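In: sequence unknown, structure follows:
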């Protein structure tokens with residue numbers, strides 16, 4: 001049971017770290033909480049049996065780094081994307097609407113040849 005809790009804690013801490021460094025940093029708080037809970041359970045079981053705690057400390061280290069990165073990004077990175085204003089496009093071309101049929105194109109060509 002102890003090994004399962006340690007494994008789950010490390011895996012979820014790595015997932016939290018990956019989420020913390022990507023654009024989905026706001027979703028990293030849930031895996032941080034889950035990794036902390038499983039880490040505390042594993043630490044409690046380890047204290048009962050007096051076993052090595054290095055892997056649990058690794059889990060807490062990864063969880064802490066993910067928590068710090070997520071908190072930093074949440075505080076200092078803006079949520080609003082600037083420059084998304086709607087741009088009005090005006091048609092300012094001097095060229096009239098292009099001909100849609102072959103007859104209109106031929107009529108335009110004849111007009112251009114006559115006035116050269």
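Out: It's in. Nothing here was measured: the structure is a model prediction, and the numbers come from that model.

In: who's in contact with the lengthiest helix in the chain?
Out: Longest helix of the chain, by residue count under DSSP state H: helix 54-76. With contacts defined as C-beta atoms under 8 Å, 6 or more residues apart in numbering, helix 54-76 is touched by 6, 9-10, 13-14, 16-17, 19-21, 25-26, 28-29, 31-32, 35-36, 38-39, 42-43, 46. For every residue, glycine as well, the C-beta is placed using N, CA and C.

In: filter those residues to the buried ones?
Out: Those of the contacts of helix 54-76 that meet the buried threshold are 6, 9-10, 13-14, 16-17, 19-20, 25, 28-29, 31-32, 35-36, 38-39, 42-43, 46, by 16 or more other C-beta atoms under 10 Å.

In: next step: those restricted to helices.
Out: Those of these lying in helices (DSSP H): 6, 9-10, 13-14, 16-17, 19-20, 29, 31-32, 35-36, 38-39, 42-43, 46.

In: quick one on the thing from earlier: what average pLDDT does the longest helix of the chain get?
Out: Rounded to a whole number, the mean pLDDT of helix 54-76 is 93.

In: where does the residue nearest the centre of the chain land in three-state SS?
Out: Centroid-nearest residue in the chain: residue 23, 2.7 Å away (criterion: C-alpha atoms, centre = their mean). Look at residue 23: counting by DSSP: H, G, I helix; E, B strand; the rest coil, its state is coil.

In: close enough to count as contact, residue 2 and residue 39?
Out: No - the criterion here is C-beta atoms under 8 Å, and residue 2 misses it with residue 39 at 11.4 Å.
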